[in-house]
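A.B. asks: sequence plus predicted model, see below.
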Amino acid sequence: MSIHKRMNKDGTSSYVVRYREGNRNRASSFASKKDASAFEAQTRLASRTGTLKSLDAGKITLAEFGEQWWEAYVLPRLATSTKRIYAHDWNTYVLPYLGETRLREITPRMIEEWRGRMERDGVRPPTVKKSMNVLQGCLQRAVVWGEMQTNPAREVKKPSGKRTRTVRPVTPAEVESIRQYMIDLGKYRDATLVSVLAYSGMRPGEALALSWEHVRQNTILVERAASHGELKQTKTGKIRSVKILPALRDDLNEWRARSEDTSGLIFPRRATGGPWTTEGYKSWESKSFKKAAKAAGRDDASPYTLRHSFASLLIREGRSIVEVAAQLGHAPTMTLDTYAHVFADLDEVDRQPAEEVIEQARQQVSREHLGKSRENKSGAVRTNPAENVLISFSQERAKRRLIA
């Protein structure tokens, strides 16, 4: 190992440190003898401690390493929906600011400045946090692969992930109004799907992955989810069972009696009989669900937010945080963070079984619907062939007990 002075073509001088790494002769050039001496000392120490190879690591840019990370690590492991989110955040927020920086030059301060820039540009805290998580995951792989000694992203505090808006559950009466709107149009499948989402707390992907075999006597087994036209594991990767409320059992019985095929998915894609595609789900949400929700006075609702309806029903029954979390497939801490205000508002005298609350809501909506139908009929405003469908639909419940 030695330092040699070298004259450059432009008349300047530089200092070259020559050293040996394994069976290879290596050399690094510096503008000053002081820098060359410091590198030589660092090289001697690394040679004694067996970390000499790390001195040459991290020379590639984040953009170059990101391509390797994406091909070798992200593509084979992550779900399609997750990859889309990663790609968006990487291309939109990470690359423009840090892409041309070499890995060895990325520091906690640089990442702090990047976070501040995103916040000044008006990027919402959840998006800032997701983008920082994507960067941290990439740099962690750089550490594992020997391109970096430590992960600077770990040292930078991320925005709070706590909910900034209070959850406003869709009430059972509003759920029943949504269902009634769909039933009036003869959309029994859609009405049953709303029941599953609101009265079992499943995520939409979990509901769309249900087969009839998952429906047991007292529970529904949740072990997979539909995503981009395929069946995969649930969001948490865990299997759980949720209890079947009487109203939901009745709705499933009625939909089963109307279904042509009861051997596969409960809500199959009409064209193929398989799981819904992302485009198909978005079309259903905008063309069917949103219209029904707006008619019920809840145009802010989405299929996913119906989970909150089920959670509020359980809380009203007096269930504990742990019990509610288990039914939703959440961590108890997340459940408390999301529904703390619902627990706080509950009075001991207000506790009521979920099945009673739902039944009262159905009777209320049924009366209102019947009254409107009579008004329309007497005023000759319109003739709706399905105006009495809720009454007849309810009467069939006493005759069918296919799952009970």
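C.D. replies: Okay, I see it.
A.B. asks: buried sites along the lengthiest helix in the chain?
C.D. replies: Criterion DSSP state H: the longest helix present in the chain is helix 354-378. Burial within helix 354-378, assessed by neighbour count using 16 or more other CB atoms under 10 Å, is assigned to 354-355, 357-358, 361-362, 365-366, 369, 373. To be clear about C-beta, it is placed using only N, CA and C from the backbone, and glycine gets the same treatment.
A.B. asks: likewise for stretch 239-248?
C.D. replies: Buried residues in stretch 239-248, counted by 16+ other CB under 10 Å: 240, 242, 244-248.
A.B. asks: can you give me every residue that contacts the closest residue to Pro172 other than its chain neighbours?
C.D. replies: Of all residues not flanking Pro172 in the chain, Ala361 sits nearest, at 3.6 Å (CB to CB, 6 or more residues apart in numbering). For Ala361, the contact set (CB atoms under 8 Å, 6 or more residues apart in numbering) comprises 171-173, 175-176.
A.B. asks: and the pLDDT at Ala361?
C.D. replies: pLDDT for Ala361: 95.
A.B. asks: just the pLDDT for the residue nearest the centre of the chain.
C.D. replies: The centroid of the chain falls nearest to Lys235 when counting by CA atoms, centre = their mean (7.2 Å). Listed pLDDT for Lys235 reads 81.
A.B. asks: surely Thr234 meets Met202?
C.D. replies: No. Here Thr234 does not reach Met202: they are 9.4 Å apart, not a contact under CB atoms under 8 Å.
A.B. asks: overlap in contacts of these two?
C.D. replies: Common neighbours of Thr234 and Met202 (criterion: CB under 8 Å, 6+ apart): Val222.
A.B. asks: which of those two has more residues huddled nearby?
C.D. replies: More crowded of Thr234 and Met202, by other CB atoms under 10 Å: Met202, with 27 against 18.
A.B. asks: helix, strand, or coil at that one?
C.D. replies: coil (DSSP: H, G, I helix; E, B strand; the rest coil).
A.B. asks: and the gap between it and Leu306?
C.D. replies: Here Met202 is placed at a distance of 9 Å from Leu306 (CB to CB, to the nearest Å).
A.B. asks: also Leu95?
C.D. replies: Counting by CB to CB - Leu95 and Leu306 are separated by 37 Å.
A.B. asks: who's more crowded, these two?
C.D. replies: The residue with more neighbours, out of Leu95 and Leu306, is Leu306; 30 against 14, by other CB under 10 Å.
A.B. asks: run through the residues that contact the more buried one.
C.D. replies: 170, 175, 194, 197-198.
A.B. asks: quick one: which of these is nearest to Asn151?
C.D. replies: Leu197 (39.2 Å; CB to CB).
A.B. asks: may I have the secondary structure class of the closest one?
C.D. replies: Leu197 ends up helix, using three-state DSSP.
A.B. asks: how many residues are close by it?
C.D. replies: 26.
A.B. asks: that one contacts Thr305, correct?
C.D. replies: No. If you go by CB under 8 Å, Leu197 and Thr305 don't touch, sitting 9.0 Å apart.
A.B. asks: which one's the longest strand in the chain?
C.D. replies: Ranked by number of residues, the top strand in the chain under DSSP state E is strand 13-21.
A.B. asks: show residues contacting the helix or strand just after that strand.
C.D. replies: Next along the chain after strand 13-21, taking DSSP states H and E as the criterion, comes strand 24-30. Strand 24-30 has contacts (CB under 8 Å, 6+ apart) with 6, 14-20, 36, 39, 56.
A.B. asks: orientation of strand 24-30 relative to strand 13-21 in degrees?
C.D. replies: 150 degrees (axes from the mean of the first three to the mean of the last three CA atoms, to 10 degrees).
A.B. asks: pLDDT on whatever helix or strand comes next after strand 24-30, on average?
C.D. replies: Sequence-wise, the next helix or strand downstream of strand 24-30 (DSSP H and E) is helix 33-49. Average pLDDT, helix 33-49: 76.
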